[in-house]
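**Q** My questions are about this predicted structure, shown below with the sequence.
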Amino acid sequence: MLGVVVPIGLGGAVLFFLWIYCVVDVVVTDSMLVRNLPKLTWLFLVVFVPTVGSIVWLVAGRPEGASLAVGGQQRASYANNPYRSDVRGFEDSPQWKATTKPSAPAPIAASTESSDITESAAVRERRLLEWEAELKKREEALEEAAEDPGEPEN
């Protein structure tokens with residue numbers, strides 16, 4: 001009788017620790033790495049169907065190439081393998097690049113002192129004087145138009 005109780009007790013303990021391991025593993029695994037079902041569905045499956053849910057999680061839900069550590073951290077040799085075609089996303093394929101529109105060029109910022117590296121101080125001074133002279137002409141034209149309201153403007 002003792003031979004029957006001990007394996008069941010040990011088997012129960014093993015299944016209990018497997019269940020705890022799988023619950024913690026589902027919780028700490030990144031949701032983007034979980035396979036086949038959403039993470040919350042896996043959690044409900046493991047919690048409410050302990051033995052079968054735990055085994056199915058390890059076989060079908062855990063990320064491919066996950067190490068034995070809780071959380072499904074991927075081995076570096078698997079995650080960084082450039083020859084695996086299923087690791088890359090569709091955005092890396094030539095078909096994606098052919099279907100996307102080229103981005104619009106960035107707007108040209110207004111010229112500031114920090115961006116005018118090639119412009120000398122004398123050129124900046126001359127341009128400033130030209131702008132001031134142009135501004136003065138516009139102000140005089142506006143003042144003359146205000147004094148002679150009878151004449152139409154061009």
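**A** Yep, it's here. Just so it is clear, the structure is predicted and the values come from calculations on it, not from any experiment. Numbering: from 1, shown residues only.
**Q** From now on I want contacts and neighbour counts done on CA atoms only, so please keep to that.
**A** OK.
**Q** which residues of the chain fall in helices?
**A** Taking DSSP state H as the criterion, the chain carries its helices at 2-28, 39-48, 50-56, 76-79, 94-99, 121-147.
**Q** tell me the average confidence for the last one?
**A** The reference is to helix 121-147. Summarised as a single mean, pLDDT over helix 121-147 is 88.
**Q** about what we covered before: would you mind saying which of the helices of the chain lies nearest residue 66?
**A** Among the helices of the chain, the nearest to residue 66 by CA to CA is helix 76-79 (8.9 Å).
**Q** picking that back up, would a markdown table of the helices of the chain with mean neighbour count and distance to residue 65 be doable?
**A** Below are those laid out as a markdown table (neighbours: other CA atoms under 10 Å; distance: least, CA to CA, whole Å):
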| stretch | mean neighbour count | distance to residue 65 |
| --- | --- | --- |
| helix 2-28 | 14 | 14 |
| helix 39-48 | 17 | 17 |
| helix 50-56 | 18 | 16 |
| helix 76-79 | 12 | 6 |
| helix 94-99 | 10 | 27 |
| helix 121-147 | 11 | 62 |
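**Q** Can you pull the domain assignment for the chain?
**A** The chain breaks down by automatic domain parsing into domains covering 2-73, 119-147.
**Q** Figure out which of these is closest to residue 99.
**A** domain 2-73 (25.0 Å).
**Q** Perfect, that will be all.
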